[in-house]
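A.B. asks: Sequence and computational prediction follow.
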Amino acid sequence: MHMTDVDDDVRILAGIPPGELEVFLQWRDKVRGTNISEKTLLATDYLNHFNEIVMLIEMVPDMTMMLDECYIWEPKSYQQHFHESGFSDKELAIAAYNHVPTKFKRPFEETILQMQLVVSATIQRMGNRSDPRAARFRLGIKKLNEPNTRACAATRLRF
């Protein structure tokens, strides 16, 4: 290991409670050499789920029928995304997620919640306010803004 790798490792491990640290280190070894980050146990492939809706939203101004595709899109949990994906290490990604240290999981899930809020608000604003599918997104936004919902794990939210 180079000195910068050691410094990086110290920074990564700092703040992980002892009860999570031992399991985290075991799982780091399991994901080594895969497309799952050894630093967090998270796979960036999950973000493709959000790339999909962003691309659809970007198409709406030129192809308004894409709004229907936007209404069909639904948030997926991390585990659901990988269960339904062709990701080569999907079972490992699902299993590793259960061992992501709180230090990484909490900000990750908070970011996912924010992304879901932005997508929902965007789709709701783009659509016809009388369209029942737009109402579904308005209801989703209302639910996401409730204090108890914000405290929930973001990746388990369904509209």
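C.D. replies: That came through fine.
A.B. asks: shaky segments in this protein?
C.D. replies: 1-5, 128-159 (pLDDT under 70).
A.B. asks: Quick check: longest helix in it by residues?
C.D. replies: Criterion DSSP state H: the longest helix present in the chain is helix 102-126.
A.B. asks: Next, the buried residues of that helix.
C.D. replies: Within helix 102-126, the residues that count as buried by 16 or more other CB atoms under 10 Å are 103-105, 108-109, 112-113, 115-117, 119-120, 122-124, 126. Any C-beta I mention is one placed from the backbone N, CA and C, and that applies to glycine too.
A.B. asks: counting contacts, what elements does it pack onto?
C.D. replies: Of the remaining helices and strands, those touching helix 102-126 by 3 or more CB pairs under 8 Å, 6 or more residues apart in numbering; DSSP states H and E are helix 48-59, helix 66-72, helix 132-145.
A.B. asks: try 10 Å this time
C.D. replies: Helix 102-126 sits against helix 3-13, helix 18-31, helix 48-59, helix 66-72, helix 78-84, helix 132-145, helix 147-151, with contacts defined as 3 or more CB pairs under 10 Å, 6 or more residues apart in numbering; DSSP states H and E.
A.B. asks: so it versus helix 18-31, what angle?
C.D. replies: 70 degrees (axes from the mean of the first three to the mean of the last three CA atoms, to 10 degrees).
A.B. asks: so helix 102-126 versus helix 3-13, what angle?
C.D. replies: Helix 102-126 runs at 70 degrees relative to helix 3-13, counting by the same axes, to 10 degrees.
A.B. asks: Report the distance from helix 102-126 to the chain centre.
C.D. replies: How far helix 102-126 lies from its chain's middle: 8 Å, per CA atoms, centre = their mean, to the nearest Å.
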